[in-house]
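Colleague: model this:
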Amino acid sequence: MKSEHQLDLPRRLQIEFSQVIQSKTDSEGGEVLADAMWQIFVDEYLPAELSRDIQPWGRFKLLGMSEKSEMGKDVELIARVLDNGQEREIQGIGNGPISAFCNALQSTGVQLQVLDYYEHAMASGGDAKAASYLECEIKSNGSNPIFWGVGIDPSTTTASLKAIISAVNRAQGKS
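Modeller: So this is what the prediction gives:
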């Protein structure tokens, strides 16, 4: 993933992804080659980023966001999302944009906590993209499963919010 796609996956995400690959080989048999591994990764972690269709990517898709912050005060975030195909605006306040977005998602019935966070530039220069990896605990029906999400965007903030959406969509697809 690192050499071909500039993704430096955190160790616990590597472990989770290896289980996804193992499940695929158990159900279909055979060996997974590099191109197939990338497609499995995209299907599992990045479908909302690469699809314009309504449902193949899960419940949510991030359409846009704006944030207001002043030194010494909490961040106010407004996000436009597709929620089951319906555009809606959600708002949240937190100590940073990630916290504010998690609080905004509560208005949709999603309760989550970010457990870990990694990000890196995928290249150097002014047109570089950022990759964000967030490990999230998604509260659902009395259980609290943990899912990684991945987001890629030129904006580090937007990449992080996409990673949260990725984790939430994955959790809801597995419940």
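Colleague: Show me where this protein has its strands.
Modeller: 60-68, 75-83, 86-94, 111-121, 130-139, 146-153 (DSSP state E).
Colleague: And the fourth one, how far out from the chain middle?
Modeller: Yep, that's strand 111-121 we're talking about. Here the centre of strand 111-121 is set off from its chain's centre by 9 Å, with CA atoms, centre = their mean, to the nearest Å.
Colleague: contacting residues for Glu31?
Modeller: Thr25 (CB atoms under 8 Å, 6 or more residues apart in numbering). Using the backbone N, CA and C atoms, a C-beta is placed for each residue, glycine as well.
Colleague: now do the one 3 residues further on
Modeller: When the contact criterion is CB under 8 Å, 6+ apart, the partners of Ala34 are Glu4.
Colleague: dump the residue contacts of Leu105.
Modeller: Ile90, Gly92, Gln111, Leu112, Ile164, Val168.
Colleague: from these, which is closest to Leu77?
Modeller: Leu77 has its nearest neighbour among the contacts of Leu105 in Gly92, at 5.4 Å by CB to CB.
Colleague: what pairs with that closest one across the strands?
Modeller: Per DSSP bridges, the residues bridged to Gly92 are Leu77.
Colleague: Kindly provide the distance from it to Cys102.
Modeller: Distance from Gly92 to Cys102, counting by CB to CB, to the nearest Å: 7 Å.
Colleague: what does Asn95 give?
Modeller: For Asn95, the distance to Cys102 (CB to CB) stands at 11 Å.
Colleague: and if you look at Val20?
Modeller: Look at Val20 and Cys102: by CB to CB, they are 24 Å apart.
Colleague: What of Met65?
Modeller: With distances taken as CB to CB, Met65 is found 13 Å from Cys102.
Colleague: What of Met71?
Modeller: Met71 is 22 Å from Cys102, by CB to CB.
Colleague: For the two, indicate the residue with more neighbours.
Modeller: Neighbour count, other CB atoms under 10 Å: between Met71 and Cys102, Cys102 has more, with 23 against 4.
Colleague: Thank you kindly, that will do.
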